[in-house]
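Peer 1: sequence? don't have it. structure:
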């Protein structure tokens, strides 16, 4: 799963149950469950192959070698075909089903028990055809029973039940076959002849118990404050992003973790970087706009890692939105940018400048019953107006550009004083991208792109797209891209007002928003409680 802006998928994940701090839930962690369930289709294909080989053996090879009665091989054919169909069913279920991972693994246990029944039926007929009144050697079910916890990991209790039932298939079908042919019941103590089956069933619980213990250790290691980390959803050069939930409230969240070992450089540089992300958390948490990503908590872990917890959103970042669905109509661009202006105005009024406004840091999502609800995130390069005397290392990494080349204002590149106008320039670049699917300045190298931002006049977006654009919107975006900060709209609030005043062919209203999300992201539109895409970017 990419973050942010991972695309909606057909699979769903079940809402995890509430549990108390320090308590452990039975079974595997969600990511281990998902990995195990995703491997089931391989096991199903192996099952199809083995049962197909068995069918051909029973059709051509064994009859010629052993000379068994025709009716025996007819039954064997039916058993092999049943095994093939069951394996195909498991494959389809694992590849195309919307079942939660745990239920899919439970279904796979049923498949393994059914496979054991088919194998036991084949072996019972083989014993009787050979005139044996007792089994000889070790049953193939022993191997199958030992494979169950490896192929289908699950809780020890479920594994024990499944393996005992599978082990019992041999005596059950042998007793049944003898009674069918002789109408005589075998002594009850004959079940002891299959003792290897039940020994293997007991041994199969050992790896299941070890896996459960490992899962509990992983869960304890993944606790950060009051939050339980569930699944890693992104990683970058300096840290990771995890899906998480509050242990008492069962509230979904996303945690960004900055690990000192991944920062590189000397100790002072690492400390400066951690202070930068601490500033990001504090600056973002202080903002009040509903269009700014909400920070729930932040702190330092036992190993010195800095982390902060954010709300989880369901939707797309604007970069992924355009890459997946193409350029947007003018009215939708107006709708999205006006909301971003609300977030930036709140930051500017608090003396903060974002400095890294770009499509990947603006998220459109479904929020309750609101569609195309914008959230601005990743204030990692934010500059505080009351910290102008702070060393540069507190604002960004040493030796790195404070922003993203394709969206940086000229004054930002020239090292001049940076104010809210830099964010307005960047938002103009974002609008350009949304309308055309192209950067304002395309270049072979980063340096050429930076020089173009300082010197070159942008080509009007209408000349770089075949779509009909609003002349008002185009003119406003070009005003945002003026080289001189004073020539741009004077504030994010004013830019928002000008955006809403732009004349477009039609309005992007709630009905159109709902229709778009229902058509192109039905998983989000239908089930807002199911996490489809997580907001925070992995630290770069």
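Peer 2: Cool, the structure landed. Keep in mind that this is a model prediction, so the values were computed, not measured. Residues are numbered from 1 along each chain as shown.

Peer 1: quick one: buried residues of the strand or helix carrying residue 143?
Peer 2: Secondary structure from DSSP states H and E places residue 143 in helix 140-151. Neighbour counts using 16 or more other CB atoms under 10 Å place 141, 142, 144, 145, 148, 149, 151 of helix 140-151 among the buried residues. Every residue, glycine included, has its C-beta placed from N, CA and C.

Peer 1: got a list of what the second one touches?
Peer 2: What that stands for is residue 142. 196, 197, 200 (CB atoms under 8 Å, 6 or more residues apart in numbering).

Peer 1: Can you read off the pLDDT for the closest residue to it other than its chain neighbours?
Peer 2: Spatial nearest neighbour of residue 142, excluding adjacent residues (CB to CB, 6 or more residues apart in numbering): residue 200 at 4.5 Å. Note for residue 200: predicted pLDDT of 91.

Peer 1: helices and strands around the helix or strand harbouring residue 200, which ones?
Peer 2: Secondary structure from DSSP H and E places residue 200 in helix 195-221. Applying 3 or more CB pairs under 8 Å, 6 or more residues apart in numbering; DSSP states H and E, one finds that helix 195-221 contacts helix 140-151, helix 156-182.

Peer 1: any chance of the buried residues of helix 140-151 in a markdown table, with distance to residue 207 too?
Peer 2: Below are the buried residues of helix 140-151 laid out as a markdown table (distance: CB to CB, whole Å):
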| residue | distance to residue 207 |
| --- | --- |
| 141 | 18 |
| 142 | 15 |
| 144 | 15 |
| 145 | 12 |
| 148 | 10 |
| 149 | 5 |
| 151 | 11 |
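
Peer 1: ok, so of the residues you listed, who is nearest residue 48?
Peer 2: Here the nearest of the buried residues of helix 140-151 to residue 48, counting by CB to CB, is residue 151; it sits at 14.2 Å.

Peer 1: how close does that closest one get to residue 416?
Peer 2: Applying CB to CB, to the nearest Å, the value for residue 151 to residue 416 is 63 Å.

Peer 1: Check residue 429 too.
Peer 2: Between residue 429 and residue 416 the computed distance is 18 Å (CB to CB).

Peer 1: For those two, indicate the residue with more neighbours.
Peer 2: The neighbour count for residue 429 versus residue 416, taken as other CB atoms under 10 Å, is higher for residue 429 (25 against 12).

Peer 1: Give the closest residue to the more buried one in space, chain neighbours not counted.
Peer 2: residue 407 is the one closest to residue 429 (CB to CB, 6+ apart), at 4.4 Å.

Peer 1: quick one: that neighbour and residue 430 touch, right?
Peer 2: Yes - with contacts defined as CB atoms under 8 Å, residue 407 counts as touching residue 430 at a distance of 6.8 Å.

Peer 1: Common neighbours of these two, please.
Peer 2: Common contacts of residue 407 and residue 430 (CB under 8 Å, 6+ apart): 357, 358.

Peer 1: what about the stretch 51-200 of the chain, any weak spots by pLDDT?
Peer 2: The model of the stretch 51-200 of the chain has pLDDT under 70 over residues 58-73, 128-137, 183, 186, 188-189.

Peer 1: okay, now the residue nearest to residue 429: neighbour count?
Peer 2: 27.

Peer 1: Distance-wise, check it relative to residue 418.
Peer 2: Distance, residue 407 to residue 418, using CB to CB: 13 Å.

Peer 1: got the buried residues for the helix or strand where residue 89 lies?
Peer 2: When elements are defined using DSSP H and E, residue 89 is found to belong to helix 70-96. By 16+ other CB under 10 Å, the buried positions in helix 70-96 come out as 72-73, 76, 79-80, 82-84, 86-87, 90-91, 93-94.

Peer 1: right, and the helix or strand after it?
Peer 2: Moving toward the C-terminus from helix 70-96, the next helix or strand (DSSP H and E) is helix 101-129.

Peer 1: Tell me the buried residues in that following helix?
Peer 2: 101-102, 104-109, 111-128.

Peer 1: And for stretch 434-446?
Peer 2: The neighbour-count check on stretch 434-446 (16+ other CB under 10 Å) flags 434, 435, 436, 437, 438, 440, 441, 443 as buried.

Peer 1: contacting residues around that stretch?
Peer 2: The set of residues external to stretch 434-446 that reach it, using CB under 8 Å, 6+ apart, is 318, 322-323, 326-328, 330, 332-333, 336-337, 359, 405-406, 428-429, 432-433, 449, 452-453, 456, 458, 461, 464-465, 467, 469, 473-474, 477, 481.

Peer 1: May I have the distance across it, first residue to last?
Peer 2: Start-to-end span of stretch 434-446 (CA to CA, to the nearest Å) is 21 Å.

Peer 1: Domain map for this protein?
Peer 2: Domains of the chain are assigned by automatic domain parsing as 30-220, 226-526.

Peer 1: Most tightly packed of these?
Peer 2: Highest mean neighbour count among these (mean count of other CB atoms under 10 Å): domain 226-526, with a mean of 19.

Peer 1: what about stretch 480-493, how long is it end to end?
Peer 2: Terminal-residue distance, stretch 480-493 (CA to CA): 13 Å.

Peer 1: Mean confidence (pLDDT) on it, please.
Peer 2: Computed over stretch 480-493, the average pLDDT equals 97.

Peer 1: For that stretch, which outside residues touch it?
Peer 2: Taking CB under 8 Å, 6+ apart as the rule, stretch 480-493 contacts 341-342, 344-345, 348, 409-411, 419-425, 427-429, 431-432, 440, 454, 458, 476, 479, 495, 498.

Peer 1: now that stretch, how far from the chain's geometric center?
Peer 2: 38 Å (CA atoms, centre = their mean, to the nearest Å).

Peer 1: Show me the helices in the stretch 401-540 of the chain, by range?
Peer 2: Assigned by DSSP state H, counting those that start in this stretch, the stretch 401-540 of the chain shows helices spanning 410-413, 420-436, 446-455, 471-480, 492-500, 510-520, 522-526.

Peer 1: would you turn the ones you listed into JSON lines with distance to residue 171?
Peer 2: Listed next are the helices of the stretch 401-540 of the chain as JSON lines, based on distance: least, CB to CB, whole Å:
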{"stretch": "helix 410-413", "distance to residue 171": "78"}
{"stretch": "helix 420-436", "distance to residue 171": "69"}
{"stretch": "helix 446-455", "distance to residue 171": "72"}
{"stretch": "helix 471-480", "distance to residue 171": "78"}
{"stretch": "helix 492-500", "distance to residue 171": "77"}
{"stretch": "helix 510-520", "distance to residue 171": "56"}
{"stretch": "helix 522-526", "distance to residue 171": "47"}
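
Peer 1: Of all these, which one is nearest residue 46?
Peer 2: Here helix 522-526 is closest among the helices of the stretch 401-540 of the chain (CB to CB), at 30.8 Å.

Peer 1: Which neighbouring elements make contact with the closest one?
Peer 2: Going by 3+ CB pairs under 8 Å, 6+ apart, helix 522-526 lies up against strand 362-367, helix 510-520.

Peer 1: I'd like these as JSON lines, with mean pLDDT appended.
Peer 2: Shown next, in JSON lines, are the helices and strands packed on helix 522-526 (pLDDT from 0 to 100):
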{"stretch": "strand 362-367", "mean pLDDT": "93"}
{"stretch": "helix 510-520", "mean pLDDT": "94"}
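
Peer 1: Mind putting the ones you listed into CSV with distance to residue 376?
Peer 2: What follows is these, written out as CSV (distance: least, CB to CB, whole Å):
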stretch, distance to residue 376
strand 362-367, 6
helix 510-520, 18
